[in-house]
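> Quick one, what's the 3D model for this:
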Amino acid sequence: MQVLLDTVTFIWAIDSPERLSKRAMTVLRDQKNIRLISAISLSEIAIKRALGKLNFSKTDVSVGVADLQARLLPYGAEHAYQLFDLPPHHNDPFDRQIISQALVEEIPVVTIDEKFKLYAGLKVIW
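Residues are numbered from 1 along each chain as shown. All right, here's what the predicted structure looks like:
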């Protein structure tokens, strides 16, 4: 099964795995699962670091991706077009893009964010 980690799940998986739910941890540890990190999450981390809101370096991200044996999910036009059809349940532009990707790719998102559950057709794991 493929799973897409939202940004906070990715950070917690690297920095404080004790904050993950048991179900999320089980999904992430299962070597049969393909763990995906959105290119959007890399942008979000870089932007928040530049703004002083997050202390997570490029090296931290690279090592985290490697440690999780994750694959990067590129953000493309089909994901952006999906945004036109998303209801305004969530104001965070990064999360909206990750939701869009998950819907287009038809893969569940591993997230603690309850607002993700408001999107029809989106499977949330937590």
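> Next up, the contacts around the residue nearest to residue 100 when sequence neighbours are not counted.
Nearest residue to residue 100, sequence neighbours excluded (CB to CB, 6 or more residues apart in numbering): residue 82, at 4.0 Å. Heads up, the C-betas are built off the backbone N, CA and C, glycines and all. By CB atoms under 8 Å, 6 or more residues apart in numbering, the residues touching residue 82 are 100-101, 103-104.
> Residue 82 is in what secondary structure piece?
helix 77-82 (DSSP states H and E).
> quick check: mean pLDDT across the helix or strand following that helix?
Downstream of helix 77-82, the first helix or strand assigned by DSSP H and E is helix 93-105. Helix 93-105 shows a mean pLDDT of 98.
> Who are the packing partners of helix 93-105?
strand 2-5, helix 7-15, strand 34-38, helix 39-50, helix 77-82, strand 109-110 (3 or more CB pairs under 8 Å, 6 or more residues apart in numbering; DSSP states H and E).
> Please convert the ones you listed to a markdown table, extending it with mean pLDDT and distance to residue 124.
Below are those laid out as a markdown table (pLDDT from 0 to 100; distance: least, CB to CB, whole Å):
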| stretch | mean pLDDT | distance to residue 124 |
| --- | --- | --- |
| strand 2-5 | 98 | 10 |
| helix 7-15 | 97 | 11 |
| strand 34-38 | 98 | 15 |
| helix 39-50 | 98 | 16 |
| helix 77-82 | 98 | 17 |
| strand 109-110 | 98 | 6 |
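> Tabulate these in CSV, adding columns for distance to residue 117.
Listed next are those as CSV, based on distance: least, CB to CB, whole Å:
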stretch, distance to residue 117
strand 2-5, 15
helix 7-15, 14
strand 34-38, 18
helix 39-50, 19
helix 77-82, 18
strand 109-110, 10
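> Fine by me, thanks again.
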